[in-house]
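# give me the fold of what follows.
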Amino acid sequence: METTHVADPAAHPEPEGANRSGWRALGVPLLVAGVGIGAAVLLHFRDPHSEGSYGICPVYALTGYYCPGCGGLRAMHNLTDGHLIDSLHSNVLAVPLVLAFVLLVGDWSVRAWRGQRMRMPRISRTTMWVVFALFGAYSVLRNTPWGSWLTPV
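Take a look at the predicted model:
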């Protein structure tokens, strides 16, 4: 007669730090937030509007066309100076992406404090393709005479 063996939870403990909470769990989220803040501080004090301060966009250098990211550094610099309209004029995508970063890291930090796993944002395949199409349309529009108001300043 065979008996079914039930695994003893004490025999296979979870890895160290698997259920961390409080200050001990905030290491990685705070590191990511610190990198973001450090990048913002760098862009605040080193003006990307100065020619050659950060180099040139490789897409622009090779093709002469603005990519969806062109003007992003200038937009962040303008944002850290408190010039929201100038930031949107440099790159309209920068402000929503910064907001998304802040919300993602904030949620990650709260969940880590509570001992929960990071929640990854989920989007449907259709939404992903719509976003890619909008990026493409944005890239094309900002390189036409009708979209000159979207070119980086």
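# which of the residues in stretch 55-71 are classified as buried?
For stretch 55-71, a neighbour-count test (16 or more other C-beta atoms under 10 Å) marks 57, 66-71 as buried. From N, CA and C alone the C-beta is placed, and that goes for glycine too.
# right, and the pair among those residues with maximum separation?
Farthest apart among the buried residues of stretch 55-71 by C-beta to C-beta are 57 and 68. That separation is 10.5 Å.
# residues touching the residue nearest to the spatial centre of the chain, list them.
By C-alpha atoms, centre = their mean, the mean C-alpha position of the chain lies nearest to residue 101, the distance being 4.5 Å. If you count contacts by C-beta atoms under 8 Å, 6 or more residues apart in numbering, residue 101 has them with residue 36.
# look up how far residue 94 lies from it.
Distance check for residue 101 against residue 94: by C-beta to C-beta, to the nearest Å, it reads 10 Å.
# show me where the chain has its helices.
27-45, 58-63, 72-80, 84-90, 94-113, 125-141 (DSSP state H).
# ok, which of these comes nearest residue 149?
That would be helix 84-90 among the helices of the chain, by C-beta to C-beta, at 7.1 Å.
# got the CA positions of that closest one in PDB?
Coordinates of each C-alpha in helix 84-90 appear next as PDB, following Å, rounded to 0.1, in the frame of the first residue of the first chain:
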ATOM      1  CA  LEU A  84       5.100  73.200 -19.500                       C
ATOM      2  CA  ILE A  85       4.100  74.700 -22.800                       C
ATOM      3  CA  ASP A  86       7.700  74.800 -24.000                       C
ATOM      4  CA  SER A  87       8.100  71.200 -22.900                       C
ATOM      5  CA  LEU A  88       5.100  70.100 -24.900                       C
ATOM      6  CA  HIS A  89       6.300  72.000 -27.900                       C
ATOM      7  CA  SER A  90       9.700  70.300 -27.800                       C
END
